[in-house]
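Colleague: would you be able to build a 3D model of this:
(one chain, ligands or ions: 1)
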Amino acid sequence: MSAMKQEKSCEKISKRTKPATDFSKVGGLSNHIKILRDTIIVPLLHNNVYTHFNIKTPRGVLFYGPPGTGKTLVAGALATEMNKEGFGKVSFYQRKGADVLDKWVGESEKKLRALFETATKNRPSIIFFDELDGLAPIRSAKNDHVHCSIVTTLLALMDGLDSVAGVIVIGATNRIESVDPALRRPGRFDRELYFPLPSTEARKEILQVHMQTWRHKPANTFLSYLAALTTGFCGSDLQALCAEALLCAMKRQYPNIQKCPLGKVKIEASELRIDDNDFIDARKNLIPSSHKLGNRIRKLSPIIAPLLQHQLETILSRIKMLWPHFFMQFYKYLIGSERYIGRVVLVGSSLQGLTAHIVPAILQNLEHLPALFLDATIMQNKNILSNFCKNLPSVLVIPRVDDLWSFLEINEQMYITSLLEDIHAGLPILIVATYEEELPLMLQNFFYNNTSLVINIENPTETEVEDFFVPLFFGDSSNSLNSALLAHKRTPAKKACETLDSSSKNTRSSKYATSKVYKLKPSGKITKSRSNLAIKRPLKLAPNKDILSHSSSKRFDTELLGCGAESLCTLCGSTEKKKRLSLILTELLQRSIRYISRRKSPNERSSSHRNLALVREYEDSEDADKQKIFNLWRRTVLRTAKDMPLAHLEVLYDTISACISIHKDNFYSLIKSLEETLSEIEDDH
Ligand code: ADP
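Modeller: Okay, here's the model as predicted:
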C-alpha cells in the first residue's frame, strides 16, 4: 500500500474514532484530569512561554492500570476538551496493537510512520495507542525481530516529535511491566498515570456520571450505599451494573417482556423507573471483573464481621495514627525529604483469619492506593515488583512471610531483602507483612530495626463470639433456630405432640439454668452481668461415641474433607486432642453438606442478620422452647466455642447451620441433634 493510501486510511479512521466524551463524562478521576490539564493542555495552549524559557513540553503520557478503569475514556475526553480550549480542531488517532501489526515485513513500521506523519500534518493532534504492551513489548524478552523493529521505529518517531509542538502520544496498558523500558525514558512517555480501581467515593461519582441524563435518579444516600456495595467494581463494571438494573426494571414493570414475540410489548421509556431494588437485584447478578481474577481486596463479610471488626478497627486506627497520609486520597508527597514509609507486621495464623479476612479488609480501607501481594508467583516476574515500587504511594503486602521464605531460593531471599532495604523512609509505601511463627532472620533487621507496628492477632473474645452466633439462634433468616421454632408453632398440634413425645426426654435432660446472666445494654449490646454461668442442672451429655469409628457407613467424602481436615490438623498443632477436634468438626460439617446440597440454596444463609431484641425476648420468655434456644446459644458460646480460633468458629457456625437446615422441619429433633452435636464437640474440646 502506498504512503498516500495509508495516509487516507488513517484520516478515515481518525474520523471514525472521533471522540464524543468530555471530562464531564468521566467520574472519580478528578486528580488525573487536573494532571492532564497541567501537563498537556496548559503547555500546548501556552507553547510560546515554554519556547521563551527553552523548556520542552511533554510529548507522551502513559496510562496504566486494571482494565475498565477509564484509560481509553480519558484519552478520548482529553481530545474533546482540547477542542473546547481553543486549539481549533484536535485530531484524535486511536490504534490498538493489532491495528498496526502487519503480516508483511516492514509494513507495520510503514503504518506507524504514516500515522505520525498524518498526526504531525493535522496538529494539534493526539495519537492514542491502546494496549501498548502488545505493540511494544520488552525487546529482549520477546526476542522477535518484528517487535524489535517496531519498538525501534516507535522510539525514533517519538524522538522526532521533539522538534514538533502539538502532537501528543498517549499509551495505555494493563501490563506496564511488559512495555519496553526504553519507551518510558524522559522525552518519550514523560508522565505515567496510574488508573486504580475506583474507591468508594469514586464509584459513587462514576454511578452519577452514568445516571446524568436519567429523569428519576436514585437518592444520594442510596448511591452512597450502592458505592459501598460495589467494592472491586471498575468503571465498566459500574456501567454494566446500570445496564443490568435497567433490565431488571423492565422485567419488573413488563413481566411479559421475555415471553412475547419481538415488538409485541411496547415499552414506554419515559415511564420506566429504575428502583433501588433493581440495583440490588442487578448487583446480585454481576461479578466484578477484579473478583474474577481472584479478589484480594474486600470488606469483612457480614457473618465474620462480629468476630474481627474490633481488631480490624484497632489495626487501622494505629496505622492511621502513625501514618495518616496513607488514608488521604490526594496527599501531596515531597518524596525523599520526609519520612513516609510505613511498616506493619501482623502476627497470627491463617486459622485466625489473618490472610483470608483481615488483610483484604485493610486493603479495602486503603482501596485508593494500588496494592501488590508479594508472593511466590511474583517471583516469576520480578519486573512486576520493581515496577510496582515506582508506583507511589502504594501498599506492598507480604503475606505469610515465614512460609514464603522457606519456599524461596537464597538468591530470591536476597533479592527481596535488598529490595526492601532499598525502599528508604522517604518513599510513601506501606509494607504489610504477616507471619505465624517467626519472622525470617534476614527480614528481622528490616522490620525490627526500624519503626514498625507489630500487632498480634488474638482469638475472638466471648462477646464477639456471642454476637457471631446471634443470627443463627435468634435471627429471622430462614436458617435459624428462631425460624424453626416459628415454623414449629405453625405446624398442626398433632404432629407437634408426636414429635414432643419422641424427643422430650432428650430436651428435658439438657435443660439449662434460666437465671438471667445476660443483660442487654440500651445500645442493644449483650453484656454479661455475672462472670460465671451457673448451670442448675447438670447436662446429660450424649454417649461419648467416637464418631470416627462409626463413620464407615457414612463414608468420608475425601474430596470435600481434604482441605478442611488437613489444614485444620496442621494448624492446630500436633496434639491428639486438637487433631480429633478438627476431624470431628470437619466430619460433622461434611455430613451436613451432603444434605444441604440437596435442600438449600447457597444464598439463603446470607439473609440472616442480628436480631438482638429477640435475644432479650428469648431470655425473658416463659416459653420452654424459647428458653431451650437461649440456653443452647449460651452453651455454644461459653462451652463449645470457648477459646476457638476464627476458622474453627466458622466450621462450628456451618455445622450448626447445617444441623438447622437438615432438621428445621422438626423442632425437637433439631434441638436434640444440636445438643448431641455440641456434646460431641465439647467432649473433644
Ligand atoms: P480501559 O481503557 O481502562 O480498559 P475504558 O476507558 O475503555 O477502560 O472504559 C470502558 C467503559 O467503562 C467506558 O466506556 C465507560 O463507559 C466506563 N468507565 C470506565 N471508567 C469510567 C469513569 N472513570 N467514569 C465513567 N465511566 C467509566
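
Colleague: measure the closest residue to the ligand within the stretch 151-300 of the chain to residue 195 for me?
Modeller: Nearest residue of the stretch 151-300 of the chain to the ligand: residue 235, at 2.0 Å (Cβ to the nearest ligand atom). All C-beta atoms are positioned from the backbone trio N, CA, C, and that covers glycine. Residue 235 sits 9 Å away from residue 195 when distances are taken as Cβ to Cβ, to the nearest Å.

Colleague: more neighbours: those two, which one.
Modeller: In this view residue 235 and residue 195 are compared by other Cβ atoms under 10 Å, and residue 235 has more residues nearby, 27 against 23.

Colleague: common neighbours of residue 235 and residue 195, please.
Modeller: Each of 69, 70 lies in contact with both residue 235 and residue 195 under the rule Cβ atoms under 8 Å, 6 or more residues apart in numbering.

Colleague: ok so, going back, shouldn't the residue of the stretch 151-300 of the chain closest to the ligand be in contact with residue 198?
Modeller: Yes - taking Cβ atoms under 8 Å as the definition, residue 235 is a contact partner of residue 198 at 6.5 Å.

Colleague: ok, which stretches of this protein are strands?
Modeller: Applying DSSP state E to the chain gives strands spanning 60-64, 91-96, 125-130, 167-173, 189-194, 342-347, 371-373, 394-398, 429-435, 453-456, 518-520, 526-528.

Colleague: tell me which of the ones you listed lies nearest to residue 616.
Modeller: Comparing these against residue 616 with Cβ to Cβ, the closest turns out to be strand 518-520 (4.9 Å).

Colleague: any idea how far the closest residue to residue 674 other than its chain neighbours is from residue 29?
Modeller: Once flanking residues are discounted, residue 674 sits nearest to residue 659: 5.3 Å by Cβ to Cβ, 6 or more residues apart in numbering. From residue 659 across to residue 29, the span is 50 Å (Cβ to Cβ).

Colleague: please apply the same query to residue 133.
Modeller: Taking Cβ to Cβ, one finds residue 133 at 22 Å from residue 29.

Colleague: again, but for residue 641
Modeller: Separation of residue 641 from residue 29 (Cβ to Cβ): 47 Å.

Colleague: which stretch in the strands of the chain has the least confidence?
Modeller: Mean pLDDT is lowest for strand 518-520 out of these, coming in at a mean of 33.

Colleague: what does this structure put close to the ligand?
Modeller: Residues of the chain lying close to the ligand (Cβ under 6 Å from any ligand atom) are 26-29, 67-73, 172, 195, 206, 209, 235-236, 239.

Colleague: shared neighbours, residue 235 and residue 198?
Modeller: 27, 28, 69, 206.

Colleague: once you drop chain neighbours, what's closest to the second one?
Modeller: When you say that, I think you mean residue 28. Spatial nearest neighbour of residue 28, chain neighbours left out: residue 202 (2.6 Å); criterion: Cβ to Cβ, 6+ apart.

Colleague: counting neighbours, what do you get for the one you found?
Modeller: 24.

Colleague: with the one 10 residues further on instead?
Modeller: The burial metric for residue 212, expressed as a neighbour count using other Cβ under 10 Å, is 10.

Colleague: so can I have TSV of the strands of the chain showing distance to residue 33?
Modeller: Shown next, in TSV, are the strands of the chain (distance: least, Cβ to Cβ, whole Å):
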stretch	distance to residue 33
strand 60-64	12
strand 91-96	17
strand 125-130	15
strand 167-173	14
strand 189-194	10
strand 342-347	28
strand 371-373	24
strand 394-398	21
strand 429-435	26
strand 453-456	35
strand 518-520	51
strand 526-528	50
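
Colleague: re the thing from before, ok, the residue nearest to residue 674 to the ligand distance?
Modeller: Note on residue 659: its distance to the ligand, by Cβ to the nearest ligand atom, to the nearest Å, is 46 Å.

Colleague: any idea how far that residue is from residue 350?
Modeller: Separation of residue 659 from residue 350 (Cβ to Cβ) stands at 26 Å.

Colleague: excluding chain neighbours, what is closest to the residue of the stretch 51-200 of the chain found nearest the ligand?
Modeller: Here the residue of the stretch 51-200 of the chain nearest the ligand is residue 70; by Cβ to the nearest ligand atom that distance is 2.9 Å. In space, and not counting its chain neighbours, residue 70 is closest to residue 235: 4.8 Å by Cβ to Cβ, 6+ apart.

Colleague: lovely, talk soon.
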